[in-house]
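**Q** One predicted model, sequence on top.
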Amino acid sequence: GDEEAGGASSLGPAVPPADVSRASTASQLLHAWCSARSDGVEMPDVVRVDVMSPHRAPLGGNELRRFLAGEEEGRRARAAEEERRAMLREIELARGRLRLGDDGGGGGGDGGTAGTRAGGGPS
């Protein structure tokens, strides 16, 4: 009942970094199992272990400046890449328009002749 209520009830108090065990969580559990085994008793369902938990603190000072500079550089690079892609799209559209204009003008005669040859040759 109480153990299933939530993960917060199973967390113990914060331990100062100097008091955290040097052994990993797995080795602390193994030690508890070995101790119970050597005493000839069953291992308890709940075993207290300690583990280092990283503490996330807000950035400040030089770290914050470096982070913001990196973010700004990334934003500029993305904007430049988007601008380059937009320019390439415009170039492709302009090329397409020029080809359409050429086909309707002097180039259309050649295209018509080629079409006539292809259609009229086998007949």
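**A** Received the coordinates, thanks. Numbering: from 1, shown residues only.
**Q** CA only for contacts and neighbour counts going forward, please
**A** Will do.
**Q** Where does Ser27 fall, secondary structure wise?
**A** helix 25-39 (DSSP states H and E).
**Q** before we move on, what about Ala23?
**A** Applying DSSP H and E as the criterion places Ala23 outside every helix and strand.
**Q** Arg37 - how many residues pack around it?
**A** 12 (other CA atoms under 10 Å).
**Q** need the helices for the protein, in chain order.
**A** Using DSSP state H, the helices of the chain run over 25-39, 61-104, 106-120.
**Q** Of all those, which one is nearest Val15?
**A** helix 25-39 (14.3 Å; CA to CA).
**Q** Show me which positions of stretch 61-77 end up buried.
**A** For stretch 61-77, the neighbour count (16 or more other CA atoms under 10 Å) marks no residue as buried.
**Q** so how far is it off the chain centroid?
**A** Relative to its parent chain, stretch 61-77 has a centroid offset of 18 Å by CA atoms, centre = their mean, to the nearest Å.
**Q** quick one: Glu42 and Gln28, what's the gap?
**A** 16 Å (CA to CA, to the nearest Å).
**Q** and these two? which has more neighbours close in?
**A** Counted by other CA under 10 Å, Glu42 and Gln28 do not tie: Gln28 has more neighbours, with 18 against 11.
**Q** Now do the same contact list for that one.
**A** Gln28 makes contacts with Val49, as judged by CA atoms under 8 Å, 6 or more residues apart in numbering.
**Q** Look up the pLDDT of it for me, please.
**A** Listed pLDDT for Gln28 reads 88.
**Q** i'd like the first residue to be 30 from this point on
**A** Done: numbering now begins at 30, and the last item shifts to Gln57.
**Q** pLDDT averaged over stretch 43-51, what's the number?
**A** Stretch 43-51 comes out with an average pLDDT of 75.
**Q** contacting residues around it?
**A** For stretch 43-51, the external contacting residues (CA under 8 Å, 6+ apart) are Asp79, Val80, Met81.
**Q** wait, which of those residues is closest to Ser64?
**A** Taking CA to CA as the measure, Ser64 lies nearest Asp79 of the contacts of stretch 43-51, at 17.2 Å.
**Q** how much space is there between that closest one and Val70?
**A** Taking CA to CA, one finds Asp79 at 23 Å from Val70.
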